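>>> Show me the folded form of this:
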Amino acid sequence: MNTLKTGILLAAMTALFMGLGFLIGGSNGALIAFFIAAAMNAFAYWNSDKMVLSMYGAEAVDERTAPAYVRLVQRLAENAGLPMPATYIIHSAQPNAFATGRNPEHAAVAATTGLLETLSPEELAGVLAHELAHIKNRDTLTMTITATIAGAISMLANFAFFFGGNRENQGGIIGTLALAILAPIAAGLVQMAISRTREYEADAMGAEISGRPLWLASALEKIDSAAHVRPNEAAEANPATAHMFIINPLHGGGRDNLFSTHPATANRIARLREIAATKGQARTNPWG
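The predicted structure is shown next:
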C-alpha cells in the first residue's frame with residue numbers, strides 16, 4: 001500500500017511540473033517540461049549521493065579509522081541481505097544520520113559525530129538498521145527524485161509568475177499566477193507526504209534488521225531531544241535535504257501533519273513499541 005501511495009504521489013509531482021510547463025509554453029511547454037524532468041532525474045540518479053555527502057562535508061571511514069561503527073554497519077548489512085555500503089562520518093554535534101545512493105550496490109550511510117557519541121551501541125544499531133532499510137526499500141532514490149522535481153517546480157513557477165501564461169491557457173493571467181504560487185506549495189506537501197510514508201516503513205523494516213524495535217525507539221527519543229538544542233548548520237544551509245535524516249535536523253520533530261517532513265517522533269515510538277509487544281520481544285540483546 002505504501003509503495004502504491006508513493007507511486008501516486010510521484011505521479012502528482014510530475015503532473016504539477018508538466019502543468020507549469022503548459023502554463024509557460026502550452027502543449028509544447030508541457031512536453032519540454034517532461035523531458036527536462038527526465039534529464040534532471042537522470043543527473044540526480046548518477047550524482048545525488050556525491051552531492052549530498054559533499055554538502056555535509058562527510059568523511060569516508062573504514063575499519064582502520066572507525067572500527068566499531070564500520071563493523072556494526074557490516075553486521076547489520078549482512079542481516080539485511082545487503083552489500084556493504086560506504087560509511088561516512090559528519091562532524092556535527094547534533095545526533096542524526098541519513099542514507100543515500102541510487103541503489104543497494106551504490107549506497108552510503110552517514111552518521112554524525114554527535115550520534116556516535118550520544119547513543120549506546122544498541123541504539124546506534126537501531127538507527128543504522130533504519131538507514132539500511134531505506135537502502136533496501138530504495139527510498140534513497142525515491143527521495144532524490146522527489147527533491148529534484150520539487151526544486152524544478154519552484155524554478156518553473158518563478159518563470160510562470162514573472163513571464164505570465166500562454167494563449168492556450170484558459171485561466172488567463174489570474175489562473176497562471178494562482179498556479180505559479182500554489183504549485184510549489186503543493187509540491188512541498190507531496191514531498192513531505194512521501195517522506196513520512198517512507199519513514200514509517202523504514203522504522204518497521206529497521207526493527208526487523210536489528211531484531212529489536214525498542215533499540216530504535218530509545219534512539220529516536222534521544223535524538224529528538226538533542227536535535228532541539230544542538231543545531232546542524234549544514235542542514236540549515238540546505239533545508240531541502242532535511243527529509244533525508246532520521247529526525248528532522250531543522251527543528252527535531254514537529255507534529256505529524258501536512259507541513260512536517262517527518263512523522264511525529266512520539267507516533268513512531270508508539271508504533272515501534274507495538275511491534276515489540278506483538279513479537280513478544282524482551283529488552284535483552286539478541287546478539288549477545
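>>> Can you get me a residue count around F35?
Residues lying near F35 (other Cβ atoms under 10 Å) number 10. For the C-beta atoms, the positions are set from N, CA and C on the backbone; glycine is no exception.
>>> That one sits in which helix or strand?
Using DSSP states H and E, F35 maps to helix 2-55.
>>> Just give me the neighbour total for L216.
31.
>>> what sits against it?
L216 sits next to E123, G126, V127, A129, H130, D203, G206, A207, S210, L272 when contact means Cβ atoms under 8 Å, 6 or more residues apart in numbering.
>>> my guess is the fifth one contacts I247, does it?
No: under the criterion of Cβ atoms under 8 Å, H130 lies out of contact with I247, with a separation of 10.5 Å.
>>> distance between stretch 107-121 and the chain's centre?
Chain-centre distance of stretch 107-121: 17 Å, with Cα atoms, centre = their mean, to the nearest Å.
>>> For it, measure first residue to last.
22 Å (Cα to Cα, to the nearest Å).
>>> May I see the buried residues of that stretch?
Within stretch 107-121, the residues scored as buried using 16 or more other Cβ atoms under 10 Å are A107, A108, V109, A110, A111, T112, G114, L115, L116, T118, L119.
>>> Stretch 75-92 now?
For stretch 75-92, by 16+ other Cβ under 10 Å, it's L76, A77, N79, A80, L82, P85, A86, T87, Y88, I89, I90, S92.
>>> Among those residues, which one lies nearest to R64?
Nearest to R64, judged by Cβ to Cβ, of the buried residues of stretch 75-92 is T87 at 11.8 Å.
>>> where does that closest one land on pLDDT?
What the model reports for T87 is a pLDDT of 98.
>>> Residues in a beta bridge with it, which ones?
Note on T87: beta-bridge partners by DSSP bridges are V61, V109.
>>> can you pull out the helices in this protein?
With DSSP state H as the criterion, the chain has helices at 2-55, 67-80, 113-118, 121-136, 139-163, 172-210, 213-227, 233-237, 265-279.
>>> Just give me the neighbour total for the closest residue to H262 other than its chain neighbours.
Nearest residue to H262 in three dimensions, chain neighbours excluded: N248, at 4.8 Å (Cβ to Cβ, 6 or more residues apart in numbering). Using other Cβ under 10 Å, N248 has 22 neighbouring residues.
>>> Does N248 touch A227 like I think?
Yes: between N248 and A227 there is a contact at 7.1 Å, judged by Cβ under 8 Å.
>>> Now the common contact residues for the two.
Common contacts of N248 and A227 (Cβ under 8 Å, 6+ apart): none found.
>>> Tell me which two of the contacts of L216 sit farthest apart.
Longest span within those, Cβ to Cβ: E123 and D203, 13.8 Å.
>>> mind showing which ranges of the stretch 101-250 of the chain have poor pLDDT?
Along the stretch 101-250 of the chain, the model assigns pLDDT under 70 to residues 148, 151, 155-156, 158-184, 186-188, 190-191, 193-194.
>>> go with 80
141-197, 238-240 (pLDDT under 80).
>>> before we move on, the earlier item: can you put the helices of the chain in a markdown table and add distance to R102?
Listed next are those as a markdown table, based on distance: least, Cβ to Cβ, whole Å:
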| stretch | distance to R102 |
| --- | --- |
| helix 2-55 | 5 |
| helix 67-80 | 17 |
| helix 113-118 | 24 |
| helix 121-136 | 10 |
| helix 139-163 | 5 |
| helix 172-210 | 16 |
| helix 213-227 | 25 |
| helix 233-237 | 22 |
| helix 265-279 | 26 |
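>>> residues contacting the closest residue to R198 other than its chain neighbours?
The spatially closest residue to R198, leaving aside those adjacent along the chain, is D139, at 4.4 Å (Cβ to Cβ, 6+ apart). If a contact means Cβ under 8 Å, 6+ apart, then D139 has A99, A133, R198, E201, A202 as its contacts.
>>> will you turn those residues into JSON lines that also has distance to T14?
Below are these laid out as JSON lines (distance: Cβ to Cβ, whole Å):
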{"residue": "A99", "distance to T14": "24"}
{"residue": "A133", "distance to T14": "26"}
{"residue": "R198", "distance to T14": "18"}
{"residue": "E201", "distance to T14": "22"}
{"residue": "A202", "distance to T14": "24"}
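>>> Tell me which two of these sit farthest apart.
Greatest spatial distance in these: A99 and E201, 13.5 Å, computed using Cβ to Cβ.
>>> I appreciate the help and will end here.
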